[in-house]
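1. Sequence below, structure please.
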Amino acid sequence: MSKLLNCLIKKDISCVPVWFMRQAGRYLPEFRKLRSQNPDFLKLCFNSNLATEITLQPMKRFDLDAAIIFSDILVIPYALGQSIEFKEKGGPRNSNLNIEKFFNIKEKDFLSTLKPVYEAIKKTKSVLKKDKSLIAFIGAPWTLIIYLYNLKNKNNLNNKIIIKNKNEVKLILKKLDDFLKLHIINQYKAGAEVIQIFDSWAGLIEENDLKEYCYNPNKSLVEFCRNNNIPSICFPRGLKDNYKKFIEEVKPDGINIDYEIDPVWAKNNFNNICIQGGMDPGLLLKDEKIALEETEKYLEIFKNNPYIFNLGHGILPETNPEIIKKIVDRTKLIKR
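-> The predicted structure follows:
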């Protein structure tokens, strides 16, 4: 069993697996070169050969314990008939929510659109070293709804768009739940060993709505993973103190903390779970000494806990790959 799976499933503390969100990304010169030759981001995601190559780029550079398939959480809305655009500035957006297309997409058409993702997973798995894990991922229903309605800040939410469309949102949640489970099981069958669930906009949910829009949707997906013997890691970014309640309600195998979470508080309040991440990716842009000291801090705090080293968000494009190598090398020195 790989280090990552040992940590997640058996709660092994004898070593610290390491991987990074966005480890295949713009901070790598080889990725930038390939991306410049392929300006259409979605086409790149759906090119199984290139997606495999990109997934493996950081594995060739660093002694990471897991690869994460190169894809995007928004391939789901795209496969459900939406016009997803990736802009250089302002990030991805849905040009217009097409409800009719969304609800009328059939399973076979959905899976046909996503077939290149599953092919990339198979190809990556076939060449990945046996002691390395392969992670696949999905966006949580709430986060996908944020993109479907183009809502990314409190002001938009305070305009009561979600409340105004509450019945429609409930139906969307159900459709997303069904089709996300379809995507999970097909990624798993293709060779993925772990599923990470990104609820990147969980921090926008009002306190009274957390159960309906965050806890319950994530719990449904985690239980589906558990029933199919698929380890899961959740990343409900921005939940602050509600991380504790999330863990109690959802019960994933692993929880990724964001950089606003005090790691000591997490250590003292999270029980029977593998903790992942936490370090501020912005610190990797500062002096090397600061970044390595912060690495040591997290390794020390979680030395008696099942812990996967990662960040509290994805690697920033401005990051020097050399600092990633030094952090990875540091984690490899740990013997408990």
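2. Just give me the residue closest to the centre of the protein.
-> Nearest residue to the geometric centre of the chain (C-alpha atoms, centre = their mean): residue 198, 4.3 Å.
3. doesn't residue 141 make contact with it?
-> No - in this structure residue 198 lies outside contact range of residue 141 using C-beta atoms under 8 Å: 11.2 Å. Quick note: C-beta positions are derived from backbone N, CA and C, even for glycine.
4. tell me what the longest helix along the chain is packed against?
-> Among the segments of the chain that qualify as a helix by DSSP state H, the longest is helix 166-190. The criterion is 3 or more C-beta pairs under 8 Å, 6 or more residues apart in numbering; DSSP states H and E, and the helices and strands that helix 166-190 contacts are helix 75-79, helix 99-104, helix 107-127, strand 133-139, helix 141-148, strand 194-198, helix 216-227.
5. hmm, 6 Å instead?
-> helix 107-127, strand 133-139, helix 141-148 (3 or more C-beta pairs under 6 Å, 6 or more residues apart in numbering; DSSP states H and E).
6. Can you tell me which of those is packed in deepest?
-> Per-stretch averages of neighbours, counted by mean count of other C-beta atoms under 10 Å, single out helix 141-148 among the helices and strands packed on helix 166-190, with a mean of 25.
7. what does it contact?
-> When contacts are defined by C-beta atoms under 6 Å, 6 or more residues apart in numbering, helix 141-148 is touched by residues 77, 94, 97, 173, 176, 199-201, 213-214, 217.
8. next structured bit after the worst-scoring helix or strand of the chain on mean pLDDT?
-> Per-element confidence for the chain was summarised using mean pLDDT, DSSP states H and E. The lowest value among helices and strands belongs to helix 154-158, with a mean of 57. Per DSSP states H and E, helix 154-158 leads on to helix 161-164 as the next helix or strand towards the C-terminus.
9. Next, the buried residues of that following helix.
-> For helix 161-164, burial by neighbour count (16 or more other C-beta atoms under 10 Å) applies to residue 162.
10. Low-confidence regions, this structure specifically.
-> 89-90, 153-160, 335-336 (pLDDT under 70).
11. cutoff 80 now
-> Residues of the chain meeting the criterion pLDDT under 80: 87-91, 152-164, 334-336.
12. Quick check: most distant residue from the centroid of it.
-> Computed with C-alpha atoms, centre = their mean, the maximum C-alpha offset from the centroid of the chain is found at residue 164, amounting to 29.3 Å.
13. Could you measure from that one over to residue 34?
-> Taking C-beta to C-beta, to the nearest Å as the measure, residue 164 and residue 34 are separated by 43 Å.
14. Over to residue 207?
-> As judged by C-beta to C-beta, residue 207 and residue 34 stand 43 Å apart.
15. Tell me which of those two has more neighbours.
-> A side-by-side neighbour count of residue 207 and residue 34, using other C-beta atoms under 10 Å, places residue 34 first with 15 against 7.
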